[in-house]
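1. just need the structure, nothing else, for what follows:
(one chain, ligands or ions: 1)
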Amino acid sequence: MSDGVLTLSGIEKSYNLGLPGEVRVLRGIDLSIARGEVVALVAPSGAGKSTLLHIAGLLDTADRGRVAIEGEDLTELSDNRRTAARRADVGFVYQFHHLLPEFSALENIVLPQLANGVSQTAARARAQELLGSVGIAGRADHRPAALSGGEQQRVAFCRALANTPKLLLADEPTGNLDPATSDQVFAALMTLVRATGLSALIATHNLELAARMDRQIRLEAGRLAPG
Ligand SMILES: Nc1ncnc2c1ncn2[C@@H]1O[C@H](COP(=O)(O)OP(=O)(O)OP(=O)(O)O)[C@@H](O)[C@H]1O
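-> The predicted structure is shown next:
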């Protein structure tokens, strides 16, 4: 395995494996993402990008192939150890924010840190700092319903980065926003990612956003090709 932050080798995944109607979604995926590299994953709908992100982020397992983060092979871990590795190493952002509605913006960023053993005081300080870095320090006490769509996604970015992951995985992180807001929110995400030196794999249909990342790859017919 190379020493990329994320290394996928020979990843294959089918649904209904061996049954009539088997869908071969991933047919041998090799990918290495270097430290600090931001990679755009461009794929037609249904091409398997969510499946790929879930396998890379240890939310799902491949039928074949290996997943390593910072050179550590995580393929054979037990479910408990995989969950622990995911919590420590990977931040996720989705198209919809998935913030907890009964908690404030700040609390949504504090909670994953408490689950990771961080003290309440340190977690609140980090959450406030993260909110400031995406330009919404003044929204800390608002619940998600009282935030705009763009603000909700900014909070979701902060939550994903709360536990200083090694890798950020994002599935259409601005896909739910109008073009102008999408542009601003993407810029906020890139500022945050660059400031932390994080590596990221970001799925998008938006070719303008893809062009602003370090490298583009296309997922087609279960295989990756340069963008
Ligand atoms: N649990 C499942 N069981 C059976 N088939 C599945 C399952 N999950 C996904 N699929 C199929 O695998 C293929 C890839 O799905 P996936 O969600 O990874 O695509 P995607 O590229 O993320 O699509 P979109 O951009 O529309 O979200 C699709 O044909 C889908 O129907």
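2. where do the helices of this protein begin and end?
-> Assigned by DSSP state H, the helices in the chain fall at 49-56, 79-89, 105-115, 120-133, 149-161, 179-196, 207-211.
3. from the contact counts, what lies against the last one?
-> Think helix 207-211. Applying 3 or more CB pairs under 8 Å, 6 or more residues apart in numbering; DSSP states H and E, one finds that helix 207-211 makes contact with strand 38-42, helix 179-196. No exception for glycine: its C-beta is placed from N, CA and C like everyone else's.
4. what comes into contact with it?
-> For helix 207-211, contacts defined as CB atoms under 8 Å, 6 or more residues apart in numbering pick out A40, V42, T174, S182, D183, F186, I202, T204, Q216, G227.
5. now swap in stretch 111-127 and tell me
-> Contact partners of stretch 111-127, identified using CB under 8 Å, 6+ apart, comprise 87-88, 100, 103, 106-107, 109-110, 140, 158-159, 162-163.
6. and for stretch 168-176?
-> Residues from elsewhere that reach stretch 168-176, judged by CB under 8 Å, 6+ apart: 49-50, 53, 56-57, 90-96, 149, 153, 156-157, 160-161, 181-183, 185-186, 189, 193, 198-206, 209.
7. gap between V185 and D214?
-> 19 Å (CB to CB, to the nearest Å).
8. kindly report the same for V155.
-> As judged by CB to CB, V155 and D214 stand 25 Å apart.
9. show me the shaky parts of this protein.
-> Under the criterion pLDDT under 70, the flagged ranges of the chain are 1-3.
10. can you pull the contacts of the residue nearest to N108 when sequence neighbours are not counted?
-> Leaving aside its chain neighbours, N108 sits nearest to L99 (4.8 Å; criterion: CB to CB, 6 or more residues apart in numbering). L99 makes contact with A105, N108, P144, Q152, V155, A156, R159, according to CB under 8 Å, 6+ apart.
11. show the buried residues in these.
-> Neighbour counting with 16 or more other CB atoms under 10 Å marks A105, N108, P144, Q152, V155, A156, R159 as buried within the contacts of L99.
12. the residue positioned nearest the centre of the chain and the ligand, how far apart?
-> Closest residue to the average C-alpha location of the chain: L169 at 1.8 Å, with CA atoms, centre = their mean. L169 sits 12 Å away from the ligand, going by CB to the nearest ligand atom, to the nearest Å.
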